[in-house]
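Q: my questions are about this predicted structure, shown below with the sequence.
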Amino acid sequence: MTLYQPFLEYAIDELNRSLDLGPYPIPAGFEHKSAMTGSAKKAQEVVTTSYAYRAPKLRQIRAAHVRGGKQLQVLNFVIFPELHYDLPFFGADLVTLPGGHLIALDMQPLFRDDPAYKERYTSPIWELFQKHQVNLPWGGDFPEEAQPFFSDAFLWTRPKEDDVVKTHVFAAFKDYLQAYLKFVKAAKPVLEDCLSEVREAQLRYLRYRAAKDPARGMFQRFYGPEWTEEYIHGFLFDLERKLAVQTP
Ligand SMILES: C=CC1=C(C)[C@@H](CC2=N/C(=C\c3[nH]c(/C=C4\NC(=O)C(C)=C4C=C)c(C)c3CCC(=O)O)C(CCC(=O)O)=C2C)NC1=O
């Protein structure tokens, strides 16, 4: 059982239990990708598996699971709401590299500095954040330009031990996912005249993530630049692509 497999299984079980999950198309050639890395003597297979669903109020629920031996494990799990809801994005970036673990977990806001928005989507999880931050201290350096895309309840940490990931990070992941599902249940469509604001805010986030995906270099090394760009724009952050075909 790889490090983040339990996270993925828990998430899919919970989503199945609490939402009317439907399929979301994964472009051909991106469901499962494998490559050998390392020298002939120390060859290591790196497998990337994609999962995707949709549900009422949720445009895309998707995960990219990268398994490359003990030194490389990644689970990037993001929930993208439909464009007529102002729900935040559920964003989990769980990364294990030779240097240790890097954990980013947040309800990523559409309107970070809007007090009413914070009241609705950050205040309700503030106690959760404080509870988990005790075991998950701040991870330090973090790209300035990414800060507008994170809430005040952003759990960002770099644990050294696997055990911290298996216990405290997993507990935080479960609590944040449960809290997010509560937001989804309570969410009402936004008013007509807010639709364009929500759409612009979603596109701002998608464009940033697609442009600055920290995994781009890693994917290029394993699977080549062409596959990587298509994976990022055609699946991981595909809203712009989807809108382009909708409104030619
Ligand atoms: C809005 C921006 C945003 C992020 C940057 C990530 C949150 C995040 N992820 C990070 C780092 C990081 N993230 C990944 C993996 C992924 N990050 C992704 O968006 C996807 C789709 C990944 C894979 C499937 C890897 C492999 C690293 C390590 C890169 C390296 O050190 O070589 C970092 C560290 C800084 C960095 O390397 O850029 C942050 C802050 N989530 C977000 O929402």
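A: Now that the structure is in, tell me what you want to look at.

Q: and the contacts of stretch 131-140?
A: 102-104, 155-159, 164, 168-169, 171-172, 175 (CB atoms under 8 Å, 6 or more residues apart in numbering). Glycine gets a C-beta too; all of them are placed from N, C-alpha and C.

Q: redo that, cut-off 6 Å
A: Outside of stretch 131-140, the residues within contact range by CB atoms under 6 Å, 6 or more residues apart in numbering are 155-158, 168, 172.

Q: so which of those residues are in helices?
A: residue 172 (DSSP state H).

Q: I'd like the contacts of stretch 131-140 written out as CSV, with pLDDT, neighbour count and distance to the ligand added.
A: Output for the contacts of stretch 131-140, formatted as CSV (pLDDT from 0 to 100; neighbours: other CB atoms under 10 Å; distance: CB to the nearest ligand atom, whole Å):
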residue, pLDDT, neighbour count, distance to the ligand
155, 98, 24, 11
156, 97, 19, 7
157, 98, 22, 11
158, 97, 17, 9
168, 98, 19, 18
172, 98, 22, 15
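
Q: any chance of the contacts of stretch 131-140 in TSV with distance to residue 32 as columns?
A: Shown next, in TSV, are the contacts of stretch 131-140 (distance: CB to CB, whole Å):
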residue	distance to residue 32
155	30
156	30
157	30
158	29
168	31
172	29
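
Q: filter the contacts of stretch 131-140 down to the ones in strands?
A: Of the contacts of stretch 131-140, the ones assigned to strands by DSSP state E are 155-157.

Q: between these, which sits nearest residue 25?
A: residue 155 (31.2 Å; CB to CB).

Q: the closest one against residue 104, yeah?
A: No: here residue 155 does not reach residue 104: they are 7.5 Å apart, not a contact under CB atoms under 6 Å.

Q: within range of the ligand, give me the residues from this structure.
A: For the chain, the contact set with the ligand under CB under 6 Å from any ligand atom comprises 64, 66, 74, 76, 91, 93, 95, 102, 104, 108, 142-143, 146, 149, 208-209, 213-215, 218, 236.

Q: now these: which count as buried?
A: When burial is judged by neighbour count using 16 or more other CB atoms under 10 Å, the buried members of the residues of the chain next to the ligand are 64, 66, 74, 76, 91, 93, 95, 102, 104, 108, 149, 209, 213, 215, 218, 236.

Q: contacts for the helix or strand encompassing the fourth one next, please.
A: Counting by DSSP states H and E, the secondary-structure element that holds residue 76 is strand 73-81. Residues lying outside strand 73-81 but in contact with it, judged by CB under 6 Å, 6+ apart, are 2-4, 7, 58-61, 63-66, 87, 90-96.

Q: what's the weakest-modelled helix or strand in this structure?
A: Least confident helix or strand, the chain: helix 239-246 with a mean of 92, by mean pLDDT, DSSP states H and E.

Q: how far is that helix from where the chain is centred?
A: Mean-position distance between helix 239-246 and its chain equals 20 Å (CA atoms, centre = their mean, to the nearest Å).

Q: got CSV for the ones in strands among the contacts of stretch 131-140, with distance to residue 227 too?
A: Formatted as CSV, these follow (distance: CB to CB, whole Å):
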residue, distance to residue 227
155, 31
156, 29
157, 31
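
Q: which of those residues lies closest to residue 43?
A: Closest to residue 43, out of all of the ones in strands among the contacts of stretch 131-140 and judged by CB to CB, is residue 157, at 32.1 Å.

Q: ok, what's across the strand from the closest one?
A: Counting by DSSP bridges, residue 157 is bridged to residue 103.

Q: I'd say it and residue 103 touch.
A: Yes: if you go by CB under 6 Å, residue 157 and residue 103 touch, sitting 5.0 Å apart.
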